[in-house]
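> Sequence plus the predicted model coming up.
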Amino acid sequence: MAIYKEFKDKVALVTGGAGGIGKATVRKLGANGCKVFICDISDAIVNTTIEEIQSEGIDIDGVSVDIACEESVQAMVDACIKRYGKIDYLVTAAGIYKDKKLTEMTFNEWKQTIDINLNGVFLVTHLVLPQMLERKQGSIIVFGSQAGIRGSALHTHYAATKSAMQGFARSLIYEVAASGVRINCVAPGVIRTPMTMNGSPEKMVKWLESIPMRRFGEAEEVANVIAFLLSDDASYVVGQTIPINGGSVVNT
């Protein structure tokens, strides 16, 4: 297991940090010495996670947030800065994923996915970037998906937001990379999290058959890639989309 000594006393802000890949990332970064500030949908979820992670000896704090609300995201970023004084790493793991045919989808359902998965990333990145640029250092991870690379039935709204993350990362590097701020995108496949493991047995079998490794990924496996991309070992990696999917989608 890689040890990242440079993480000691660095500060990571992780949206969606109370569950799934976000929570695994919090553990990975915290175990390597990061101070971690999390946000998620409710006080109860955030507080339970903080208590759990603190018991593992990790320096963690956090607040609930409406990731699609500018005022709420501003308050969250302000709280992180007040608590830890800076933000070195940003991991935008907050997101939603719902099955719906486009012909049956309401505009509100479409808009909710866009607001959380796309506008939420804009808001938090927009508010965190200035202090990274001022200090001429920082690293950001946004979340794509294999759905954003190859498409996915019942997920036009979700796939649209995840395709957008690739373009977001590829474009932002031209504005910030020369100032010492890196941004990359991870694109997980089917990962064993509460958000994905709630389908029918038939759906699970179909998914497994599409994966060359014939198993679902674990949240920790995505967290390992995120930690590498944030670390100094990835100092020349910018604007990339990294698939993490057991071979179900291969970059070309």
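The structure has been received and is ready for your questions.
> what's the longest helix in the chain?
Under DSSP state H, the helix in the chain containing the largest number of residues is helix 156-176.
> ok, now which ones touch residue 113?
Applying C-beta atoms under 8 Å, 6 or more residues apart in numbering to residue 113 gives the contacts 96, 98, 157-158, 161. Yep, even glycine has a C-beta here, placed from its N, CA and C like the rest.
> pLDDT score assigned to the nearest residue to it once chain neighbours are set aside?
Among residues not flanking residue 113 along the chain, residue 157 sits closest, at 4.1 Å (C-beta to C-beta, 6 or more residues apart in numbering). In this prediction, residue 157 carries a pLDDT score of 97.
> Does residue 157 touch residue 107 like I think?
No: the criterion here is C-beta atoms under 8 Å, and residue 157 misses it with residue 107 at 10.4 Å.
> which of the two has more neighbours?
Comparing residue 157 with residue 107 by other C-beta atoms under 10 Å, the one with more neighbours is residue 157, at 22 against 7.
> ok, that one - contacts?
Contacts of residue 157 (C-beta under 8 Å, 6+ apart): 98, 100, 102, 105, 109-110, 113-114.
> Of those residues, keep whichever come out buried.
With burial judged by 16 or more other C-beta atoms under 10 Å, the buried subset of those is 100, 113-114.
> How many residues are close by the closest residue to residue 215 other than its chain neighbours?
Distances taken as C-beta to C-beta, 6+ apart put residue 246 closest to residue 215, at 6.6 Å, once the chain neighbours are dropped. Using other C-beta under 10 Å, residue 246 is surrounded by 20 other residues.
> Quick check: buried residues in the longest helix of the chain?
Those buried within helix 156-176 under the rule 16+ other C-beta under 10 Å are 156-166, 168-170, 172-173, 176.
> Show me what the following helix or strand past it packs onto, helices and strands only.
For helix 156-176, the succeeding helix or strand toward the C-terminus, using DSSP states H and E, is strand 181-188. Applying 3 or more C-beta pairs under 8 Å, 6 or more residues apart in numbering; DSSP states H and E, one finds that strand 181-188 contacts helix 120-135, strand 138-143, helix 146-150, helix 156-176, helix 219-230, strand 241-244.
> Quick one: end-to-end distance for stretch 208-221.
Stretch 208-221 has its terminal residues 17 Å apart, counting by C-alpha to C-alpha, to the nearest Å.
> Can you tell me what sits against that stretch?
20-21, 23-24, 27-28, 188-193, 196-197, 207, 244-248.
> Which among those count as buried?
The neighbour count (16+ other C-beta under 10 Å) marks 20-21, 23-24, 27-28, 188-191, 193, 196, 207, 244-246, 248 as buried among those.
> Give me the subset of the residues you listed that lies in strands.
When the buried ones among the contacts of stretch 208-221 are checked against strands (DSSP state E), the matches are 188, 191, 244.
> And the lowest-mean-pLDDT helix or strand in the chain, what's buried?
Sorting the helices and strands of the chain by mean pLDDT, DSSP states H and E puts helix 201-209 at the bottom, at a mean of 84. Buried residues in helix 201-209, counted by 16+ other C-beta under 10 Å: residue 207.
> Check the offset of it from the chain's centre.
Helix 201-209 sits 25 Å away from the centroid of its parent chain (C-alpha atoms, centre = their mean, to the nearest Å).
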